[in-house]
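Trainee: let's see this in three dimensions:
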Amino acid sequence: MCKGLSSLPSSCLEKAKEMRVKLSHLAETHHKQKVQDGKALQDLDTLLNSKGGRQAFRDFLRSEFSEENLEFWLACEDYRVASLNLQKTKCSSIYSQFIHPDAPQEVNLDAETREALLSVTGSPCADTFSNAQQRIYNLMAKDSFPRFLRSPHCMEAVKAH
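Mentor: Residues are numbered from 1 along each chain as shown. As a prediction, this is how the structure comes out:
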């Protein structure tokens, strides 16, 4: 033991040891949480199910002028769980907002998917947008999400946790 510590009363030394153990435990817990948060950002599903992660991803997409992909995906999620009497209204809204060729937030869908949607929008059901939603999800997973992981937006999201 160093000379300075030997002159302290044993009660102080015991308190110092207790505090060191507690601080060590807190540091370990904090590190584990950071690792867990980092893993959450490695998976698009987990990110989309996290309010903070979703907001960081939205900010990133907005900076790249491709926020419509996330907005469409979220609108489809909302549509999927909507009551039958709301589905027709929501279907029309999603089509005019994201699918129609002159839509204000037109998403990038192939002609075949777009035409298939046009043929079923008159009689919507819970999975009307499933195929289109999956295509946009795949686009985000393969294109936007990897860039997000390398962006300052992702770093900020990890720091915020």
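Trainee: quick one: residue 133 and residue 72 touch, right?
Mentor: Yes. Here residue 133 lies in contact with residue 72, judged by Cβ atoms under 8 Å, at a distance of 7.4 Å. The C-beta positions use only the backbone N, C-alpha and C, and glycine is treated the same way.
Trainee: neighbour count for those two, which is higher?
Mentor: residue 72 (26 against 21; other Cβ atoms under 10 Å).
Trainee: which element is that one on?
Mentor: For residue 72, the element it lies in under DSSP states H and E is helix 67-80.
Trainee: what's the following helix or strand past that helix in contact with?
Mentor: Counting by DSSP H and E, the next helix or strand C-terminal to helix 67-80 is helix 84-94. Applying Cβ atoms under 8 Å, 6 or more residues apart in numbering, the contact partners of helix 84-94 are 72, 75, 76, 78, 79, 82, 121, 124, 125, 126, 128, 129.
Trainee: filter those to the buried ones?
Mentor: Buried members of the contacts of helix 84-94, scored by 16 or more other Cβ atoms under 10 Å, are 72, 75, 76, 79, 82, 121, 124, 128, 129.
Trainee: dump the residue contacts of the last one.
Mentor: Under the criterion of Cβ under 8 Å, 6+ apart, the contact partners of residue 129 comprise 76, 79, 80, 91, 94, 117.
Trainee: repeat that for the fourth one.
Mentor: Contacts of residue 79 were listed using Cβ under 8 Å, 6+ apart, and they are 87, 90, 91, 94, 128, 129.
Trainee: now tabulate the buried ones among the contacts of helix 84-94 in TSV and tack on pLDDT.
Mentor: Formatted as TSV, these follow (pLDDT from 0 to 100):
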residue	pLDDT
72	98
75	97
76	96
79	95
82	92
121	78
124	87
128	92
129	94
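Trainee: for those residues, which one is nearest residue 45?
Mentor: residue 76 (14.5 Å; Cβ to Cβ).
Trainee: lovely, talk soon.
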